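Trainee: only geometry, no sequence info:
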């Protein structure tokens, strides 16, 4: 794990030497207080999300804005998150970036915030509160990518286990809808077990181990963030003649396990679809466009509640590109999630006029754990993937 001073040096090197974006002051950016409400701290993903927000706020300061970020972050339930939001309103925040812990339980307090003139952006998970804008990846499509991969690897037939996140959380519910849509096209795939792994590696491992011990002839395990490492550990340690296919995740620790599994089984394949913690920073960028006078382009709204701006799913790690990503992230902490976030130009594209209110530098994903050489290699790799996609 790198020290804070090294991380800071890497960030400065990124902004100055690699020049990913250009900061420029505007005449009157103003003074802003941004609130962040996070109800789940037992997740490195959420820690990374908050760090991305705070560092992006620093880039706004460098661009000439006065900005204070007030973070309410604790493991809490719906009443506790309502209190977080009330605390932020009492601080007089101009905008709230909220990662909601419930699909509807926060609606009343968030609608109150909107009525008070506060810009409210929900990130990571979609909610339907009136006046709130969701800045999220399409969680259903995110899940469909790996579910389709599993279905293809099974050839449309087999016995499947599903290990999901927190039941009732908006992102998990959207993901499981996506999985169901894919499986509906493959009547030969039978779901023989489904259980929550609570987005936790140890729990995911225990759930997978229990299924492997009690359910015969499992052909595949589909799982998601924070649990794939546990599921793959369970598969690798189980005494099975034929090991099931396992969907993966885009975390540094999983890439390490992927590499170790390849050493024992060169035919091993997996997939990691990036679910970016940087979506919080993307939400901040959209909020600032609105605070600086932008009008959201409602014609671009999508999602189940008709109030979502879908930011891109950054990229997918598959067997073809695994070695490239592993070479970059092999020394990163296991908990680090491969990331992505939008630029200020992309944030402005969700506004009616489509032009950014000011120029703000962009963090390159991986800034927390990668050195200059690794950051440059990552930038080149992502450019190559983007070119492949366009081609």
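Mentor: That came through fine. The model shown is predicted, which means the values in this text are computed figures rather than measured ones. Numbers count the residues shown, from 1 in each chain.
Trainee: Compute the distance between residue 315 and residue 29, please.
Mentor: 32 Å (CB to CB, to the nearest Å). From N, CA and C alone the C-beta is placed, and that goes for glycine too.
Trainee: Show me the helices in this structure, by range?
Mentor: Counting by DSSP state H, the chain has helices at residues 4-13, 44-62, 78-90, 107-115, 139-154, 170-183, 201-214, 228-237, 252-264, 279-291, 322-329, 344-348, 372-390.
Trainee: how about the last one: buried residues?
Mentor: This means helix 372-390. For helix 372-390, burial by neighbour count (16 or more other CB atoms under 10 Å) applies to 374, 375, 376, 377, 378, 379, 381, 382, 385.
Trainee: show me the contacts for the fifth one.
Mentor: Just to be clear, that refers to residue 378. 328, 364, 365, 366, 370 (CB atoms under 8 Å, 6 or more residues apart in numbering).
Trainee: thought residue 80 was touching residue 38?
Mentor: No - here residue 80 does not reach residue 38: they are 11.2 Å apart, not a contact under CB atoms under 8 Å.
Trainee: Comparing the two, which shows the higher neighbour count?
Mentor: Set residue 80 next to residue 38 and count neighbours by other CB atoms under 10 Å: residue 38 wins out with 27 against 13.
Trainee: What's the per-residue pLDDT of that one here?
Mentor: If you check residue 38, the pLDDT there is 96.
Trainee: quick one: it and residue 136, what's the gap?
Mentor: 15 Å.
Trainee: Just the pLDDT at residue 186, thanks.
Mentor: What the model reports for residue 186 is a pLDDT of 98.
Trainee: Make JSON lines from the buried residues of helix 372-390 and add distance to residue 110 to it.
Mentor: What follows is the buried residues of helix 372-390, written out as JSON lines (distance: CB to CB, whole Å):
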{"residue": "374", "distance to residue 110": "39"}
{"residue": "375", "distance to residue 110": "36"}
{"residue": "376", "distance to residue 110": "41"}
{"residue": "377", "distance to residue 110": "41"}
{"residue": "378", "distance to residue 110": "36"}
{"residue": "379", "distance to residue 110": "37"}
{"residue": "381", "distance to residue 110": "38"}
{"residue": "382", "distance to residue 110": "34"}
{"residue": "385", "distance to residue 110": "36"}
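Trainee: Now render the residues you listed as JSON lines, adding distance to residue 118 and pLDDT.
Mentor: Shown next, in JSON lines, are the buried residues of helix 372-390 (distance: CB to CB, whole Å; pLDDT from 0 to 100):
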{"residue": "374", "distance to residue 118": "39", "pLDDT": "97"}
{"residue": "375", "distance to residue 118": "35", "pLDDT": "96"}
{"residue": "376", "distance to residue 118": "40", "pLDDT": "96"}
{"residue": "377", "distance to residue 118": "41", "pLDDT": "96"}
{"residue": "378", "distance to residue 118": "36", "pLDDT": "96"}
{"residue": "379", "distance to residue 118": "36", "pLDDT": "94"}
{"residue": "381", "distance to residue 118": "39", "pLDDT": "95"}
{"residue": "382", "distance to residue 118": "34", "pLDDT": "93"}
{"residue": "385", "distance to residue 118": "37", "pLDDT": "91"}
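Trainee: low-scoring stretches of this structure, by residue?
Mentor: In the predicted model of the chain, residues 1-26 satisfy pLDDT under 70.
Trainee: What separation is there between the closest residue to residue 76 other than its chain neighbours and residue 182?
Mentor: Excluding its sequence neighbours, the residue lying closest to residue 76 (CB to CB, 6 or more residues apart in numbering) is residue 39, at 5.0 Å. Using CB to CB, one gets 29 Å for the distance from residue 39 to residue 182.
Trainee: Looking at these two now, which is surrounded by more residues?
Mentor: Using other CB under 10 Å as the criterion, residue 39 and residue 182 rank with residue 39 on top: 23 against 20.
Trainee: what sits against the residue sitting furthest away from the middle of the chain?
Mentor: Note on the chain: the largest separation between a C-alpha and the mean C-alpha position, by CA atoms, centre = their mean, falls on residue 241 (35.4 Å). By CB under 8 Å, 6+ apart, no residues touch residue 241.
Trainee: cool, and residue 292?
Mentor: 29, 30, 357, 358.
Trainee: Please repeat the previous calculation with a cut-off of 6 Å.
Mentor: Residues near residue 292 by CB atoms under 6 Å, 6 or more residues apart in numbering: residue 357.
Trainee: And residue 281, by the same measure?
Mentor: Contacts of residue 281 were listed using CB under 6 Å, 6+ apart, and they are 52, 53, 56, 341.
Trainee: ok, and the closest non-adjacent residue to the last one?
Mentor: Excluding the flanking residues, the one nearest residue 341 by CB to CB, 6+ apart is residue 278, at 3.1 Å.
Trainee: Just confirm that neighbour contacts residue 337, I think it does.
Mentor: No - between residue 278 and residue 337 there is no contact under CB atoms under 6 Å: 9.3 Å.
Trainee: The residue nearest to residue 76 touches residue 101, doesn't it?
Mentor: Yes - the pair residue 39 and residue 101 qualifies as a contact (CB under 6 Å) at a distance of 3.9 Å.
Trainee: Show me whatever sits in contact with both of those two.
Mentor: With CB under 6 Å, 6+ apart, residue 39 and residue 101 have common neighbours residue 81.
Trainee: follow-up on the earlier one: as JSON lines, the helices of the chain with distance to residue 121 would be great.
Mentor: As requested, the helices of the chain are exported to JSON lines (distance: least, CB to CB, whole Å):
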{"stretch": "helix 4-13", "distance to residue 121": "24"}
{"stretch": "helix 44-62", "distance to residue 121": "11"}
{"stretch": "helix 78-90", "distance to residue 121": "13"}
{"stretch": "helix 107-115", "distance to residue 121": "10"}
{"stretch": "helix 139-154", "distance to residue 121": "16"}
{"stretch": "helix 170-183", "distance to residue 121": "14"}
{"stretch": "helix 201-214", "distance to residue 121": "29"}
{"stretch": "helix 228-237", "distance to residue 121": "29"}
{"stretch": "helix 252-264", "distance to residue 121": "28"}
{"stretch": "helix 279-291", "distance to residue 121": "4"}
{"stretch": "helix 322-329", "distance to residue 121": "29"}
{"stretch": "helix 344-348", "distance to residue 121": "11"}
{"stretch": "helix 372-390", "distance to residue 121": "25"}
